[in-house]
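below are the sequence and a predicted model; questions follow.
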Amino acid sequence: MRNDHHAAQDEGPPRPLCTPIRHRLHSSSAPLVLIAPAMAIGSHFYEPLVAEFARHGWEAHAIRRRGSERGEPRADRRHDWSYQDEIDDIEDAITCARRDHPEQPILLLGHSLGGQLVAGHQLNHPAVEAMVTVAAALPHHRTYRFCGLHVLLMGAVAVPLLTTLFGYVPTPAFGGPGARTLMRQWARTVITGNPPYKADRPIATPALVISFASDAMAPPRSVDIFAEKLFETRAVTRWQYEHDDVLPGASNDHVRWVRGSSQVVARIVAWWEKPRATSAAVR
């Protein structure tokens, strides 16, 4: 019998081992940034973002994404995992970071699905000092244009059908190759608008919630609902990255921003350096 929150552990890839984090930070006041990747994107993709933080004297590390790392098992009928398994991977990474930098504050940065996972961590594990979500939303179909018919079809039809036929979501389907349990949980969020983890209290951690104008995958309205539903109002600073604000070499695309992250990182650094007690909406 499968637990709805944890996939059977003997079917999934092994939990990630601690990766030593022993580099000397350039700035003693800066947090250690742990990046939770988006769906179906491995940690190596975030190397340009890590480098951009380094230009500000900050150290950042991308957490391994199950099923998307080089040389590790992909999702299939035998290899399955859930949101909770991924959230526990974040907790493992934090444990490693606390061990290697016991005095350093930690900032969790979640991109897209990674933002949902970071929120789930803050709600169900001891919270870290601060968090940032980039293009993260609760993908309820009603928050998309035209009532999100295309998203609803994925959640109500495509994901249940594919996971029943194949035991996972194969490529080239959205999220593929996607773990059966995780994708079914994602699909229920599409239909109901509820997160796939316990959320019986709002997140009080200082949080910068970033959306991108015209982002079809995480529309600003979906991001607003994410912030309103899961966070204390006073804890959140909202920033929408408009097209007119994008400088040469930067990007506000749902995925490509990672390769042109100068403005996003500059905004995060400026937010961190402001007094924590006066978070406010920023548009």
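Sure, I can see it. In this text, all values refer to a predicted model and were calculated from it rather than measured experimentally.

rest of the way, CA atoms for contacts and neighbours
OK.

wasn't Cys147 part of a strand?
No - counting by DSSP: H, G, I helix; E, B strand; the rest coil, Cys147 falls outside a strand, being helix.

hmm, it is touching Pro139, no?
No - counting by Cα atoms under 8 Å, Pro139 is not a contact partner of Cys147; they are 11.4 Å apart.

now the helices for the stretch 51-200 of the chain?
Secondary structure of the stretch 51-200 of the chain by DSSP state H, counting those that start in this stretch: the helices cover 83-100, 113-124, 149-153, 159-166, 180-192.

the ones you listed: which one's closest to Ala235?
helix 113-124 (12.8 Å; Cα to Cα).

got the angle for the closest one vs helix 180-192?
Angle, helix 113-124 to helix 180-192, by axes from the mean of the first three to the mean of the last three Cα atoms, to 10 degrees: 90 degrees.

give the other helices and strands that helix 113-124 contacts.
Applying 3 or more Cα pairs under 8 Å, 6 or more residues apart in numbering; DSSP states H and E, one finds that helix 113-124 contacts strand 32-36, helix 83-100, strand 106-111, strand 130-134.

and the contacts of it?
35-39, 83, 86-88, 90-91, 108-110, 127-128, 131-138, 197-199, 201-203, 205, 230 (Cα atoms under 8 Å, 6 or more residues apart in numbering).

and Thr237, its phi and psi?
Main-chain dihedrals, Thr237, degrees, to the nearest 10: phi -110, psi 120.

I'd say it and Thr205 touch.
No - using Cα under 8 Å, Thr237 is not in contact with Thr205; the gap is 11.1 Å.

quick one, what contacts Glu86?
65-66, 117 are the contacts of Glu86 under Cα under 8 Å, 6+ apart.

including pLDDT, neighbour count and distance to Val50, could those residues go into JSON lines?
Formatted as JSON lines, those follow (pLDDT from 0 to 100; neighbours: other Cα atoms under 10 Å; distance: Cα to Cα, whole Å):
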{"residue": "Arg65", "pLDDT": "95", "neighbour count": "22", "distance to Val50": "16"}
{"residue": "Arg66", "pLDDT": "95", "neighbour count": "30", "distance to Val50": "19"}
{"residue": "Leu117", "pLDDT": "98", "neighbour count": "29", "distance to Val50": "19"}
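
if we can go back for a sec, more neighbours: Cys147 and Pro139, which one.
Higher neighbour count among Cys147 and Pro139: Pro139, with 31 against 12, using other Cα atoms under 10 Å.
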